[in-house]
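> The following block contains a protein sequence and its predicted model.
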Amino acid sequence: MSAASLVSLRGVAKRYATGTLAVRGIDLDIAPGDFVALLGPSGCGKSTLLRMVAGLAEPTGGRIAWPGGQPSARDIGFVFQEPTLMPWATAQANVALPLELAGMPRAEAASRAASMLARVGLQGFEKAYPRALSGGMKMRVSLARALVTKPRLLLMDEPFAALDEITRFRLNNDLLELWTAERFTVVFVTHSVFESVYLAQRIVVMAPRPGRIHAELAVDAPAPRGEEFRTSADYAAHCREVSQALAAAMAPAAA
Amino acid sequence: MSEAVEGAPSEAPRPGLAMAPEAWLRVLAPVVIGLLVLGGWEWLVRAREIPPYILPGPIAIAQALVRDWGTLSASLLVTLKTTGLALLVAAALGLLLAVAFAQSRIVELSLFPYAVILQVTPIVAIAPLIIIWVNDVTLSLLICAWIVAFFPILSNTTVGLNSTDHNLLDLFRLYGASRWQVLWRLRLPTAMPFFLAGLRISGGLALIGAIVAEFVAGTGGNASGLAYRILEAGYQLQIPRMFAALVLVSGTGIAIFLALSLLSHLLLRRWHESAMGGGERR
Ligand SMILES: Nc1ncnc2c1ncn2[C@@H]1O[C@H](COP(=O)(O)OP(=O)(O)OP(=O)(O)O)[C@@H](O)[C@H]1O
Ligand SMILES: [Mg+2]
């Protein structure tokens, strides 16, 4: 285990009560400030892995260690595939939730939530209810909520999968911008080769049944990345490499 | 970060005037039908010279309503009090019990069957027992109305408390929320539309329960509600007065429903689909 890791997984396995072995033998180190993409086909245990790191599910084998100390409730941010907002609360109240749950006075939580909303480009929408927001805007609120506690680790489970491509590209850029500025650590689950290459420094390719790590690839493209990266030869080469790894992971022979 | 607004909110708020034709139709159509039926009724009664003790016309009923307003309004108040109180107790107890169910599976498993029994037993069948057991007539009427009104609130709220979004529950867990915080900030708001839907059903049921119990109790005196007026008018063959009391019962039912719908709308309009501008609803 590298002492520098933020979180370190060793031989982690998860068998559900139903008997499904979701993942097994997961060895993974996540360095502070890293942007790791978890890439794999549906059902290979990406969500399971993310939930175990978040502490929302217990591994049934192996261990998850935090060399820098066990994370507190405010150290981890989570973004789900759906925006997962409280429909009865305004955008600002949704973002303030983690702070208020931690006991922060309302006024202070509200002002921090408002400035976080501004950071994700939603200034002026503080009082809007989720119903009145577009899918992309809801996802921004969700992102703001995950970041409002200034977490060390941001876990994202296919956060932009339900959005149209134009909106997704925009959110990709904005996420990269935030990450470049704040340097929190990101684990980003996706089933899109292109999204993983565009965003991540490191791509962990998973194989299904049972879920396990098939390969790890570095994306040594320069940060900050912008739209011009999407059309570069570098990007295309990485996409090809990752696609091949994914294809190999899914081939029956790989099992 | 760059400008981020990807397009305006999907449903732009409709200006009030754009809905006017639809809204007018909604009011006008039933009113026209009602007037036609009333007119036809009055015509039939006059043309056939039907005696008022068989079928009084709408005008005779209206006259009876005005003439007997003193006694009828006093009875209306009695019935309204029973109904309102029963609904209030049903709402409070239903909500409390539903919360208890949501907090403890054991409590739910052991008590829910009895709530069902209470619900499926016809109130007409148990009202006599309750009236015998409970000495106070007002209280026994209240209990009958409560029994009928209680279940929809309990079962709806229970469903509501249990339909909390799983990801939101995970989120609350992630941030170390206490049981109380989960209940107060997540489960109860989720259950709110369900509770209000139950309340709307129970409002009408409480009135029915109160009327049924009054029929069974059949007591006179100063504590007599609308059902007693109906019985009394029936014995005395004062059929127009009987109809007048009936009109008051229906009117009360409609008023309760409208009031609870309004309450529900006011509480939910900002966020819940069911309370969105009435335009595209049935
Ligand atoms: N709560 C659960 N109980 C039982 N089995 C589960 C549970 N959650 C997931 N599984 C199973 O574990 C396996 C991995 O599921 P998981 O949701 O982690 O996959 P995933 O990679 O996130 O898939 P997707 O890309 O579709 O989201 C699947 O076979 C799934 O059926
Ligand atoms: Mg998943």
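Arrived safely. Numbers count the residues shown, from 1 in each chain, chains lettered A, B, ... in the order given. Ligands and ions are numbered 1, 2, ... in the order given.
> hmm, stretch A:150-165 in reach of chain B?
No - among the residues of stretch A:150-165, none lie within reach of chain B under Cβ under 8 Å from any Cβ of the partner chain; the closest is 8.8 Å away. Bear in mind the C-beta positions are built from the backbone N, C-alpha and C, glycine included.
> Sorry, slip of the keys, the one I care about is stretch A:96-103.
Yes - under the criterion of Cβ under 8 Å from any Cβ, chain B is reached by stretch A:96-103 at A:97-98, A:101-102.
> Quick one: distance of that stretch to the chain centre.
Chain-centre distance of stretch A:96-103: 21 Å, with Cα atoms, centre = their mean, to the nearest Å.
> What ranges does chain A have for its strands?
In chain A, the segments counted as strands under DSSP state E are A:7-15, A:21-30, A:35-39, A:61-65, A:76-79, A:153-157, A:185-190, A:202-207, A:212-218.
> do you know which of those lies nearest B:Phe257?
Proximity to B:Phe257, assessed across those by Cβ to Cβ, is greatest for strand A:76-79 (42.6 Å).
> circling back to that earlier point, by neighbour count, which of the residues of stretch A:96-103 next to chain B wins?
A:Pro98 (28 neighbours; other Cβ atoms under 10 Å in any protein chain shown).
> how's the chain carved up into domains?
As the question left the chain open, I've gone with chain A. With domains defined by automatic domain parsing, chain A comprises A:7-71+A:153-254, A:84-151.
> wrong one, I was asking about chain B
In terms of domains, chain B is parsed into B:16-50, B:54-273 (source: automatic domain parsing).
> Point to the residue nearest the middle of the chain.
I'll assume chain A. A:Met156 (2.2 Å; Cα atoms, centre = their mean).
> switch to chain B, that's the one I care about
Centre-nearest of chain B using Cα atoms, centre = their mean is B:Gly203, 1.9 Å out.
> ok so, going back, can I get the strands of chain A in JSON lines with mean pLDDT and distance to ligand 1?
Formatted as JSON lines, those follow (pLDDT from 0 to 100; distance: least, Cβ to the nearest ligand atom, whole Å):
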{"stretch": "strand A:7-15", "mean pLDDT": "91", "distance to ligand 1": "8"}
{"stretch": "strand A:21-30", "mean pLDDT": "90", "distance to ligand 1": "3"}
{"stretch": "strand A:35-39", "mean pLDDT": "94", "distance to ligand 1": "8"}
{"stretch": "strand A:61-65", "mean pLDDT": "90", "distance to ligand 1": "14"}
{"stretch": "strand A:76-79", "mean pLDDT": "94", "distance to ligand 1": "14"}
{"stretch": "strand A:153-157", "mean pLDDT": "95", "distance to ligand 1": "7"}
{"stretch": "strand A:185-190", "mean pLDDT": "94", "distance to ligand 1": "7"}
{"stretch": "strand A:202-207", "mean pLDDT": "91", "distance to ligand 1": "7"}
{"stretch": "strand A:212-218", "mean pLDDT": "85", "distance to ligand 1": "12"}
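> So for A:Glu241, which of those strands sits nearest?
Closest among these, using Cβ to Cβ: strand A:212-218, at 6.4 Å.
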